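> Provide a 3D model corresponding to the input given below.
(one chain, ligands or ions: 1)
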Amino acid sequence: MPTTTTDGFVEALRANSRRYHDQHPFHVRMNAGRLSRRQLQGWVANRFYYQENIPRKDAAILSQCPDLEVRRRWIRRIIDHDGRHPGEGGIEAWLRLGEAAGLTREEVMDHRHLVPGVRFAVDAYVTFARTRPWVDAVASSLTELFAPDLMAQRLAAFERWYPWIDPEGLAYFRARLEQAPRDSEHALEVVTAHCLSAESQARAVDALSFKCDVLWSLMDAIDQAYPE
Ligand SMILES: O=C(O)c1cc(C(=O)O)c2c(n1)C(=O)C(=O)c1cc(C(=O)O)[nH]c1-2
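Residues are numbered from 1 along each chain as shown. Sure thing, here's the model as predicted:
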């Protein structure tokens, strides 16, 4: 349970790592080299919907955040994903990952592979950021505390087990290795500065737990759509 000490609160947030999607069977199979080409392509095509919507989620947080200092740093996330110019940014990098995995940009962008469960999970995340207090939405982004280990594992796994994917296509994950720790450190600063009551701390922990459910549901939907 969260307590009103910062250490106890951060511990309660970090305890959600046990529910992170790195432990999802589909990710376990991915990192063990056990996915077929079709399964991996299905994951890349579906995860694109998450990538596309992250800046919309961050814009929802910005629109509700009254704190200039927070907004000034948070806006960087939108630029990281959208880029400043055509050909830049994380969404573009994900499209290149798709091409490296043998998918055309068109088939990724037009959502022809997108399964309903992934759409619902991602939409739920954007709606959460639009409708809940902005600090709760910031807390829900803290799954990124747990992401770097998975990203490093994924980079190694892709190079080892899926050599048919052009390694240049993995630039997205390399960038996230630096961006995720920076972003999660900032989010943790914001949450610990703003959640000072037991009630607000409990809400932040719940928000992070909700986000773990979003990511888990997304993986369930992909797993079901591309069975072994
Ligand atoms: O591939 C992954 O496992 C993974 C997980 C997460 C996450 O934990 O939410 C993000 C990302 N990737 C990611 O690429 C990303 O840009 C990102 C932004 C956010 C967020 O909630 O603001 N999470 C994540």
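> Need the contact partners of stretch 84-102.
Outside stretch 84-102, the residues that touch it by Cβ atoms under 8 Å, 6 or more residues apart in numbering are 37, 40-41, 44-45, 47-48, 51-52, 54-55, 79-83, 104-105, 108-109, 164-172, 175-176. From N, CA and C alone the C-beta is placed, and that goes for glycine too.
> Could you check the pLDDT of residue 2?
What the model reports as pLDDT for residue 2 is 45.
> Which residues of the chain lie near the ligand?
When proximity is defined as Cβ under 6 Å from any ligand atom, the chain approaches the ligand at 54, 141, 143, 144, 147, 150, 176, 215.
> What sits closest to whichever residue of the chain sits closest to the ligand if chain neighbours are left out?
Closest contact between the chain and the ligand, by Cβ to the nearest ligand atom, is at residue 143 (3.3 Å). Among residues not flanking residue 143 along the chain, residue 211 sits closest, at 5.1 Å (Cβ to Cβ, 6 or more residues apart in numbering).
> wait, the one you found sits on residue 138?
No: here residue 211 lies out of contact with residue 138, judged by Cβ atoms under 8 Å, at a distance of 10.9 Å.
> now for the host helix or strand of residue 126, which elements pack on it?
Assigned by DSSP states H and E, residue 126 belongs to helix 116-131. With contacts taken as 3 or more Cβ pairs under 8 Å, 6 or more residues apart in numbering; DSSP states H and E, helix 116-131 sits against helix 37-64, helix 134-140, helix 198-225.
> ok, 6 Å please
Packing contacts for helix 116-131, counted by 3 or more Cβ pairs under 6 Å, 6 or more residues apart in numbering; DSSP states H and E, involve helix 37-64, helix 198-225.
> Flag every buried residue along stretch 127-143.
Under the neighbour-count criterion of 16 or more other Cβ atoms under 10 Å, stretch 127-143 has 128-129, 132, 134-143 buried.
> Only C-alpha atoms, please: export the helix holding residue 126 in CSV.
Coordinates of each C-alpha in helix 116-131 appear next as CSV, following Å, rounded to 0.1, in the frame of the first residue of the first chain:
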residue,chain,number,x,y,z
PRO,A,116,-10.0,-4.6,-32.3
GLY,A,117,-8.4,-5.4,-29.0
VAL,A,118,-5.3,-3.3,-29.7
ARG,A,119,-7.4,-0.4,-30.9
PHE,A,120,-9.6,-0.6,-27.7
ALA,A,121,-6.5,-0.8,-25.4
VAL,A,122,-4.7,2.1,-27.0
ASP,A,123,-7.9,4.2,-27.2
ALA,A,124,-8.5,3.5,-23.5
TYR,A,125,-5.0,5.0,-22.7
VAL,A,126,-5.7,8.2,-24.7
THR,A,127,-9.1,8.5,-23.1
PHE,A,128,-7.5,8.1,-19.7
ALA,A,129,-5.2,11.0,-20.3
ARG,A,130,-8.0,13.1,-21.7
THR,A,131,-10.4,12.6,-18.8
